[in-house]
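> Everything below, folded, please.
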Amino acid sequence: QVGLDVFGIGEHHRREMLDSAPPVILGAAAARTEKIRLTSAVTVLSSADPVRVFQNFATVDLLSRGRAEMVVGRGSSIESFPLFGFRLEDYDSLFAEKLELLLKIRDNEHVYWSGKFRPPLTGQGVYPRPVQNPLPIWLGVGGTPRSFARAGALGLPLMVAIIGGETRRFRPLIDLYREAGNRAGHSPDQLKVGLHSPGYVAATTQEAADDFFPGFARAVTEVGKERGWPALTRADFDAQRGPQGALIIGDPEEVVEKIVRHSKALGGISRVTFQMNAASLPHAKIVRAIELLGKRVAPALRKELEAVAE
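Here you go, the predicted model:
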């Protein structure tokens, strides 16, 4: 209704989160929307069956009449590995094998394939087939050079999750992605870069910061207990909201300026997604933020980025 381009659902398998089955949620969204694209953010491919992943998102594509996408990744949240019987020691090899199979399924109705972690396919058909051919698959990455190079070599669009530190430190990795893509013969149009960061917009920057900090700090601190991170302080949070920091939080004008700054730092981006639910904000505040994004941020941002491209 407000003109945003894409809506994404993450995947977690934790008590405090309700997104263990993103395609079900996206299917419900498909029935109630007409234009907005619907994606995962991200699908933890390492602990999933690529056949079922493709079938699920092909079904969402049919329900939405060609608006489905998926962002697949190795998974920064690792609770799905023991849940589905996979070993963390196989973290990278699981993903490499399953990505290979997923792309093979996307490109072939009948699949011949064998690997280490799944029974072979000997010509079985994988159905349903989606409206879009090919079904868009983005590769979600954190900070591992191998992941950036892999995405470039495969010619897949890249979604970079930047949740802390300075955004510009990712430029060498994005350059690596583009170089790998060029060496593999992929056109620049294929080598799209998206940015995913915690973000929120309110009428004033102070309101945005005061709204977002309490819930975000709780979430970061809770996860930090498992991963050995220190508790998030307000000073740390405010520093991350600074000109070079990862958090995209402020009034509409400041948010536009920061996204444009990030785009320049990364050599150009074609998509930005906000992780707003990380702060457990009241529904009314989320709705208001969506309205501001659609009515004030997105139009200004499109104009700014078009001017830069020219």
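> Please parse the chain into its domains.
If you go by automatic domain parsing, the domain ranges for the chain are 1-135, 151-282.
> now those domains in a markdown table, with mean pLDDT and distance to Val297?
The way it works is simple: take the backbone N, C-alpha and C, and place the C-beta from them, glycine included. Putting these into a markdown table (pLDDT from 0 to 100; distance: least, C-beta to C-beta, whole Å) gives the following:
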| stretch | mean pLDDT | distance to Val297 |
| --- | --- | --- |
| domain 1-135 | 95 | 9 |
| domain 151-282 | 95 | 5 |
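> Save those domains as TSV, and put in mean neighbour count too.
Formatted as TSV, the domains of the chain follow (neighbours: other C-beta atoms under 10 Å):
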stretch	mean neighbour count
domain 1-135	17
domain 151-282	18
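> Turn those domains into JSON lines, including distance to Lys295.
Formatted as JSON lines, the domains of the chain follow (distance: least, C-beta to C-beta, whole Å):
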{"stretch": "domain 1-135", "distance to Lys295": "6"}
{"stretch": "domain 151-282", "distance to Lys295": "9"}
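> And the ones you listed: which comes nearest Gly143?
Proximity to Gly143 (C-beta to C-beta) singles out domain 151-282 among the domains of the chain, at 7.0 Å.
> For the closest one, measure first residue to last.
End-to-end span of domain 151-282 (C-alpha to C-alpha, to the nearest Å): 37 Å.
> show me what contacts Ala246?
Ile162, Ile163, Gly164, Gly165, Glu166, Thr167, Ser197, Pro198, Gln240 (C-beta atoms under 8 Å, 6 or more residues apart in numbering).
> In space, what's closest to it - neighbours in sequence excluded?
Ile162 (4.7 Å; C-beta to C-beta, 6 or more residues apart in numbering).
> wouldn't the one you found be in contact with Arg168 here?
No. Between Ile162 and Arg168 there is no contact under C-beta atoms under 8 Å: 10.0 Å.
> element containing Leu139?
Assigned by DSSP states H and E, Leu139 belongs to strand 137-141.
> On the C-terminal side of that strand, identify the next helix or strand.
Next along from strand 137-141, by DSSP H and E: helix 145-154.
> Could I get the phi/psi values of Gly245?
When read as degrees, to the nearest 10, the backbone of Gly245 gives phi -70, psi 160.
> Identify the residues contacting stretch 281-290?
Residues outside stretch 281-290 that contact it (C-beta under 8 Å, 6+ apart): Val2, Leu4, Tyr200, Val201, Ala202, Asp211, Phe212, Gly215, Met276, Asn277.
> how about the nearest residue to Glu109 once chain neighbours are set aside, what does it touch?
Nearest non-adjacent residue to Glu109, counting by C-beta to C-beta, 6+ apart: Gly125, 5.6 Å away. Contacts for Gly125 were tallied using C-beta under 8 Å, 6+ apart; they are Glu109, His110, Val111.
> Now Gly125: phi and psi?
The phi and psi torsions at Gly125 (degrees, to the nearest 10) take the values phi -80, psi 140.
> now swap in the one 3 residues further on and tell me
Backbone dihedrals for Pro128, given as degrees, to the nearest 10, come out at phi -80, psi 160.
> what's near enough to touch the closest residue to it other than its chain neighbours?
Sequence neighbours aside, Ala58 is the residue nearest to Pro128 in space, at 5.0 Å (criterion: C-beta to C-beta, 6+ apart). When contacts are counted by C-beta under 8 Å, 6+ apart, Ala58 is found next to Ala68, Tyr127, Pro128, Arg129, Pro130, Leu135.
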